[in-house]
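Peer 1: sequence first, then the predicted structure, then my questions.
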Amino acid sequence: MKICSAISLSGGQGKTTTVFFTALLLAQQGKKVLAVDADPQANLTFYLGHEVQPDEPSLFEVLTKQVEVEDGVYGTQYENLFVMPADRGLFKVSDFLSSSGAGAFILKQRLRKIHDMFDVVLIDVQPSRSQICLSAVGASDHVLIPVEANVKGVNSLVDTLDFLNEQAELEAFTGSVLGIIPFRDRWVGNTQTLEGRQNIAAMKEFAGEAPILASIRESEKFKNAIRQGKLLSELDQPDLQYPFEQIVEALTHE
């Protein structure tokens, strides 16, 4: 079972979009996929059509060991794709993780118990240096870093790479950066804007050995596909789907 987190320390960088479409593609290819929503905003849970009921365990109950891990896993409308949902109560888990003495490793320990159930686990991570983020990083074999193709995105990339390096020095992160994904890259027709080119060039300067993957272009088609619960190829947008196909390819060969 491979565990891959989408991490960026600023909001609006494309983490949920990346996890959603990558999960759908993997599931379509026959992989057993678990999408873990590790963000109290619970956008991934919503995108996957799941609503946490008052008596249903979510990631909070899994992390705090109130239930067995499999009790926090639910099917979705998609074959082979399952979700471990979040709700706003996940905010409360930080105190538990920080007081446990091993918060960075709790998610890893919990997911180990369902190792034989899934081929890939994709984690959508809260955009901050939170205890939830620390635990997701500690669980990850690989990390994807989606960042906007603008100055804010470049700054988010620098902060995120610094954070990962800090955790690696502490041996809390032992995985690798699978790739950096420019998000909302603006194109006019078939021409990339100067801003996009300049900011992606800046990303390459900071990326070190981490590869820069294909850009997720700025387009309303992504929102349309998410609302309809469909892949971009199903909406006759194969070019827009390519970045997620590249991620799947990278994950498959790691």
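Peer 2: Now that the structure is in, tell me what you want to look at. Residues are numbered from 1 along each chain as shown.
Peer 1: separation between the spatially closest residue to Gln28 that is not a sequence neighbour and Ala225?
Peer 2: With C-beta to C-beta, 6 or more residues apart in numbering as the criterion, Gln28 has its nearest non-adjacent residue at 6.9 Å, and that residue is Leu231. For every residue, glycine as well, the C-beta is placed using N, CA and C. According to C-beta to C-beta, to the nearest Å, Leu231 stands 7 Å off from Ala225.
Peer 1: thinking again about what came up before, surely the residue nearest to Gln28 is in contact with Leu24?
Peer 2: Yes: in this structure Leu231 lies within contact range of Leu24 using C-beta atoms under 8 Å: 5.4 Å.
Peer 1: higher neighbour count, those two?
Peer 2: Leu24 (27 against 20; other C-beta atoms under 10 Å).
Peer 1: the worst-scoring helix or strand of the chain on mean pLDDT packs against which elements?
Peer 2: In the chain, the helix or strand scored least confidently by mean pLDDT, DSSP states H and E is helix 93-100, which has a mean of 81. Counting contacts by 3 or more C-beta pairs under 8 Å, 6 or more residues apart in numbering; DSSP states H and E, helix 93-100 packs against helix 59-63, helix 103-112, helix 131-139.
Peer 1: quick one: contacts of the first one?
Peer 2: Under the contact criterion C-beta atoms under 8 Å, 6 or more residues apart in numbering, helix 59-63 has outside partners 36-38, 67, 69, 71-72, 84-87, 89-90, 92-93, 96-97, 106-107, 110, 135.
Peer 1: the second one now?
Peer 2: Contact partners of helix 103-112, identified using C-beta under 8 Å, 6+ apart, comprise 1, 3, 36, 38, 62-63, 65, 69, 96-97, 100, 102, 121, 123, 131, 134-139, 167, 172.
Peer 1: quick one: mean pLDDT over the following helix or strand past that helix.
Peer 2: Heading C-terminal from helix 103-112, the first helix or strand you meet, by DSSP states H and E, is strand 120-125. Averaged over strand 120-125, pLDDT sits at 97.
Peer 1: strand 120-125 to helix 131-139, inter-axis angle?
Peer 2: On the basis of axes from the mean of the first three to the mean of the last three C-alpha atoms, to 10 degrees, strand 120-125 is oriented at 150 degrees to helix 131-139.
Peer 1: strand 120-125 versus helix 103-112: what angle between them?
Peer 2: Per the same axes, to 10 degrees, the angle that strand 120-125 makes with helix 103-112 is 150 degrees.
Peer 1: the lengthiest helix in the chain packs against which elements?
Peer 2: Ranked by residue count, the top helix of the chain under DSSP state H comes out as helix 151-169. Secondary-structure packing of helix 151-169 (3+ C-beta pairs under 8 Å, 6+ apart): helix 131-139, strand 142-148, strand 176-185, helix 194-207.
Peer 1: on that earlier part again, shared neighbours of Leu231 and Ala225, anything?
Peer 2: Each of Phe21 lies in contact with both Leu231 and Ala225 under the rule C-beta under 8 Å, 6+ apart.
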